[in-house]
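**Q** take this sequence and fold it.
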Amino acid sequence: MNPSKYEKYFSIDGFWSKLKKGAKKAGSKVIYSGLLLFYALDSPKTPLRAKVQIYGALGYLILPLDLMPDLLPIVGYVDDLSALGFALAAVSKSIDDDVRRKAKSKLRDFLGDDVVSSKDIIDIDGHVVEEQGKTKVDDVHVEK
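**A** Now for the predicted structure:
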């Protein structure tokens, strides 16, 4: 599988521009989810198939037109958060402590120090850990 055909829908400049412009409006859940996926792209633990899913989700995030325009207050980012959430669940094995540390550091830059201890961020980390537990159980084969 070649990720280059999916990379055309995602650009690093577009990602950072979107986050800088919409950080406060999008909210910490959207921003942190996007950052987790972004830093998972660089992780050696992230397989090629997961990178394709990440490019798709981040590409959808930076699209100016999507199902719910981002200009709409609050609801404009619901579809983005859904796409990011599905991708996070699918690539949870690639989200390690290093990826979380980098994402939280950048989140602090965007939204301040207090945000990393907010319920939203704790919830996302909890969901990622929960998905990691599910995938570990799914990977175990029981012989009868």
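**Q** going by C-alpha atoms from here, please, whenever you check contacts or count neighbours.
**A** Will do.
**Q** tell me which residues of the top helix by length along the chain come out buried.
**A** The residue-count maximum for a helix in the chain (DSSP state H) belongs to helix 119-139. The neighbour-count check on helix 119-139 (16 or more other C-alpha atoms under 10 Å) flags Asp120, Ile121, Ile124, Asp125, His127, Val128, Val129, Glu131, Gln132, Thr135 as buried.
**Q** now for it, which elements pack on it?
**A** helix 28-42, helix 78-90 (3 or more C-alpha pairs under 8 Å, 6 or more residues apart in numbering; DSSP states H and E).
**Q** deepest-packed of the ones you listed, please.
**A** Most buried of the helices and strands packed on helix 119-139, by mean neighbour count (mean count of other C-alpha atoms under 10 Å): helix 28-42, with a mean of 24.
**Q** what about that one, average pLDDT?
**A** The average pLDDT for helix 28-42 rounds to 91.
**Q** and for stretch 114-133?
**A** On average, stretch 114-133 scores 90.
**Q** touching, Asp120 and Ser28? I think so.
**A** Yes. In this structure Asp120 lies within contact range of Ser28 using C-alpha atoms under 8 Å: 7.0 Å.
**Q** circling back to that earlier point, nearest to Asp114, of the helices and strands packed on helix 119-139?
**A** Taking C-alpha to C-alpha, helix 28-42 is the member of the helices and strands packed on helix 119-139 nearest to Asp114, at 10.9 Å.
**Q** after the closest one, heading C-terminal, what element do we hit next?
**A** The first helix or strand that comes after helix 28-42 along the chain, using DSSP states H and E, is helix 48-62.
**Q** give me the low-pLDDT residue ranges for this protein?
**A** 1-10, 18, 21-25, 64-77, 135-144 (pLDDT under 70).
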